[in-house]
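Pasting a predicted model and its sequence here:
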Amino acid sequence: MAKFRKAPGSEWLGYPQLNREDIEHDFFKHSIYLAQSLVDNRKGRINLVIDHEMYQDFLSAVRKKYGNMHASSVEKASLDAVKSWIEEVNKE
C-alpha cells in the first residue's frame, strides 16, 4: 500500500503576520515561491487614484532616480515616499 505525506495543515492561515518560518510543511520548503506568495498575500496594499499630471511627474521622478520605470522601481519609490512621510509625521 502506498504511503502518502500528510497534507499541509491550515493552522497558519489565520496568522495576520505570516512569516515563511511559520509554514513548516515539506512541500513549501521545496517550493519557496509558493511559500513566499502565501506570505506576500498577507501584506497590506494601498490603491491610489492620482491626477494624471501628478502621476506623470511621479513616473518621471522614478525614471530620473532609478533610470527606468519598471514595476520594481515604482514600488521602491512608493515605499520610500511612504517611509519618509511616516518619519516626517513621527517627528512632529
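Okay, I see it. Please read all numbers here as calculations on a predicted model, not as lab measurements.

Find out how far the helix or strand containing Lys76 is from the centre of the chain, if you would.
If you go by DSSP states H and E, Lys76 is part of helix 71-91. With CA atoms, centre = their mean, to the nearest Å as the basis, helix 71-91 stands 14 Å off its chain's centre.

Just list what that helix packs against, helices and strands only.
Judged by 3 or more CB pairs under 8 Å, 6 or more residues apart in numbering; DSSP states H and E, helix 71-91 is in contact with helix 52-66. For the C-beta atoms, the positions are set from N, CA and C on the backbone; glycine is no exception.

contact partners of the helix it packs on?
Residues outside helix 52-66 that contact it (CB atoms under 8 Å, 6 or more residues apart in numbering): 50, 69, 73-74, 76-77.

just those: which has the poorest pLDDT?
Taking those together, the minimum pLDDT is found at Met69 (91).

Would you mind checking the contacts of helix 52-66 for buried ones?
The neighbour count (16 or more other CB atoms under 10 Å) marks 73-74, 77 as buried among the contacts of helix 52-66.
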